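Undergrad: Build the 3D model from these lines:
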Amino acid sequence: MKFSNKILSQTLVQLCLDKGIDHIVISPGSRNAPLTIGFGEHADFKCFSIVDERCAAFFALGIAQQLQKPVGVVCTSGSALLNYYPAVAEAFYSDIPLVVISADRPKNFIDIGDGQTIRQENVFENHILYSANCNEGEDFQVKNETEINIALNTAIELSGPVHINIPFNEPLYHTTENQLVWPQNVVPRMNFETLEDDLKPFISQWNNSKRKLILVGVLPPNSVEQRFVEQLAKDESVLVLTETTSNLHSINFISAIDQLVAPFTDVDFSKLQPDILLTFGGMVVSKKIKAFLRSFPPKEHWHVDSKKAYDTFFVLKHHFKTSINSFFTEFLPKITPVQTDYRNQWLTIKHYRLQRHGTYQSEIPYSDFMVFSEIFKQLPQNVQLQLSNSATIRYAQLFDINDSAEVFCNRGTSGIDGSTSTAVGAAYASRLPTVFLTGDLSFFYDSNALWNNYIPENFKIVVVNNGGGGIFRILPGEKDTKLFDTFFETKHNLSSKQLSEMYSFKYEAIFKKEDLAEKVSDFFSKNDGPALLEIFTPSTVNDKVLLDYFKFIL
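TA: Numbers count the residues shown, from 1 in each chain. Predicted coordinates:
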């Protein structure tokens, strides 16, 4: 086996191997040659070559999302590193372990006019858990080992992005048959979660409250033990609100939050206003529930998370620093169910809304709403569903999605920039067939994601193409102006057909209502290689159909 003759390369490669970080996404370059040789020549690493660094980082993020362990991304020096930043920020806010490894010029080459050279040290400082800045030379070996160990352990223990910046002098391509270093593998501390809070005062408040609201954000599938789900579903004083990305299901939970609260008056909101709000999980999609809880705040807001607590509603009173299962293990056996109609009155409204929802669907014209309804109705069982941001995730909040689907979306920063690349990485790492549902702007923005040799045969993309940023038509503002068309909606006449052909995706298109049900069914039933279905909708009716929906279901 060949090794790079660079001590720093061997140190990093060996430490990654010792800690089980064995998936490495590499973008081409010269300065990172010692790293490429180190990882690529070692049979115990699974290495991927992705040219576009932004796509590479999101591809790695998708793998890490599924494996729930750190994945490395390796790039050369200069602006290549900056292209990782969107994925780094997403990993930071979504708690996904990403190990950014950048090659660099030696310090004496920075800011002297040398090519492909920028200030790389601490470049992600506002959105990184740890930055390890190494130095080449035997005098720095102990310090380098320590810094790399701390960075890798941080990614593992705190589940988030870290940055390791490694300068290399030339020559860069020399190899050796010998391992030159045996770095000390500083083992991560074992994180045995314990609940250190005295629960008595919280249990007392809970047992004396008739209106408890639980709001669940982004969660990986199977995050909450089923026994806890069942206990919460039986408590009449607890209303549980989930989202598509919560991956948490019960007939007594309300998943379509906007469907419930959008038509509410202030009187309705005052009735829903909880005494206690308990939150867990990641970011919440619904703007309407955020506005409600800020205008009608609970007396108590508690958040459960082993790492952090956001004061989203400006009334956070307590942060339980533990996992949700650890919290429920200690908390739920001590609570006493309270008889109240708090939950049931909202479940009654939920059922009424669903009836109106069904009636509305049968009356609307061909539109985004109809298309999303048909897609979710025909979505196969036991798939991974990756959703892009903007309109796609918001439409997904309004429809029933079968409980067997595992749902993911980049909600850390809610950007459209890397949704496709993330979906490809997740599809590669998942045991399930993957469906990626996206809008046209998000898809075209990240079209380099398909420049990828690791797309599995059971990967499907559905592009809802309404000719621009349709979500901006839903927002307040003057829509019939040249400024709106050009700079907000960004109208276009692009099709995914040529991209599909270039990247060997089987392509189908839908242009009208009459073909929708049959072609969606046919698309999901075939499994003969990566495929893309593009559904064209009229941009000028979508906003009216959606806005009228919230009036109709009242």
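Undergrad: residues contacting the residue nearest the centre of the chain?
TA: Against the mean C-alpha coordinate of the chain, by CA atoms, centre = their mean, the closest residue is residue 410 at 2.7 Å. Residue 410 sits next to 58, 61, 90, 94, 389, 418, 419, 422 when contact means CB atoms under 8 Å, 6 or more residues apart in numbering. (Glycine included, C-beta is placed from N, CA and C.)
Undergrad: and if we set it to 10 Å?
TA: Contacts for residue 410 (CB atoms under 10 Å, 6 or more residues apart in numbering) come out as 58, 61-62, 65, 86-87, 90-91, 93-94, 96, 218, 245, 283, 386-389, 393, 416-419, 421-423.
Undergrad: residue boundaries of the strands in the stretch 1-150 of the chain?
TA: Here the stretch 1-150 of the chain has its strands, by DSSP state E, counting those that start in this stretch, at 3-4, 23-26, 46-49, 71-75, 98-104, 130-133.
Undergrad: name the helices or strands packed onto the last one?
TA: Based on contacts counted as 3 or more CB pairs under 10 Å, 6 or more residues apart in numbering; DSSP states H and E, the elements that strand 130-133 packs against are strand 98-104, helix 141-158, strand 162-167.
Undergrad: just the ones you listed: most buried one?
TA: Neighbour counts (mean count of other CB atoms under 10 Å) averaged over each of those peak at strand 98-104, with a mean of 27.
Undergrad: For it, which strands pair with it and how are they oriented?
TA: strand 71-75 (parallel), strand 162-167 (parallel) (DSSP bridges).
Undergrad: Okay, angle between the first one and helix 141-158 too, please.
TA: Right, the one you point to is strand 71-75. 130 degrees (axes from the mean of the first three to the mean of the last three CA atoms, to 10 degrees).
Undergrad: CA-only coordinates of strand 71-75, as PDB, when you get a sec.
TA: The C-alpha atoms that make up strand 71-75 are tabulated as PDB, following Å, rounded to 0.1, in the frame of the first residue of the first chain:
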ATOM      1  CA  VAL A  71     -18.200  12.100   6.600                       C
ATOM      2  CA  GLY A  72     -15.100  13.900   5.300                       C
ATOM      3  CA  VAL A  73     -14.900  16.400   2.500                       C
ATOM      4  CA  VAL A  74     -11.500  17.100   1.000                       C
ATOM      5  CA  CYS A  75     -10.600  20.100  -1.300                       C
END
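Undergrad: all numbers from here: first residue = 25
TA: From this message on, residue numbering opens at 25, which makes the last subject strand 95-99.
Undergrad: mean confidence for it?
TA: Mean pLDDT, strand 95-99: 98.
Undergrad: List the buried residues of it.
TA: Across strand 95-99, burial judged by 16 or more other CB atoms under 10 Å covers 95, 96, 97, 98, 99.
Undergrad: Off-centre distance for it?
TA: 18 Å (CA atoms, centre = their mean, to the nearest Å).
Undergrad: same deal with the last one?
TA: Distance of strand 186-191 from the chain centroid (CA atoms, centre = their mean) equals 24 Å.
Undergrad: Give the rounded mean pLDDT of it.
TA: Rounded mean pLDDT across strand 186-191 is 97.
Undergrad: Just the C-alpha atoms of it, please, in PDB.
TA: Taking C-alpha atoms only, strand 186-191 is exported to PDB below (Å, rounded to 0.1, in the frame of the first residue of the first chain):
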ATOM      1  CA  VAL A 186     -15.600  20.900  12.000                       C
ATOM      2  CA  HIS A 187     -12.800  22.300   9.900                       C
ATOM      3  CA  ILE A 188      -9.200  20.900   9.600                       C
ATOM      4  CA  ASN A 189      -6.900  23.200   7.600                       C
ATOM      5  CA  ILE A 190      -3.600  21.600   6.500                       C
ATOM      6  CA  PRO A 191      -0.800  23.400   4.700                       C
END
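Undergrad: Neighbouring strands of the next helix-or-strand element following it in the sheet, and parallel or not?
TA: As assigned by DSSP states H and E, the chain's next helix or strand after strand 186-191 is strand 199-200. The strands beside strand 199-200 in its sheet (DSSP bridges) come out as strand 27-28 (antiparallel).
Undergrad: who touches the partner strand?
TA: So strand 27-28 is contacted by 33-34, 36-38, 57-66, 192, 196-205 (CB under 10 Å, 6+ apart).
Undergrad: right, and residue 191 touches residue 56 too?
TA: No - using CB atoms under 10 Å, residue 191 makes no contact with residue 56, being 11.2 Å away.
Undergrad: Touching both of these two, which residues are there?
TA: The contact lists of residue 191 and residue 56 share 101, 126, 127, 128, where a contact means CB under 10 Å, 6+ apart.
Undergrad: Now for these: which two are most distant?
TA: 101 and 126 (7.0 Å; CB to CB).
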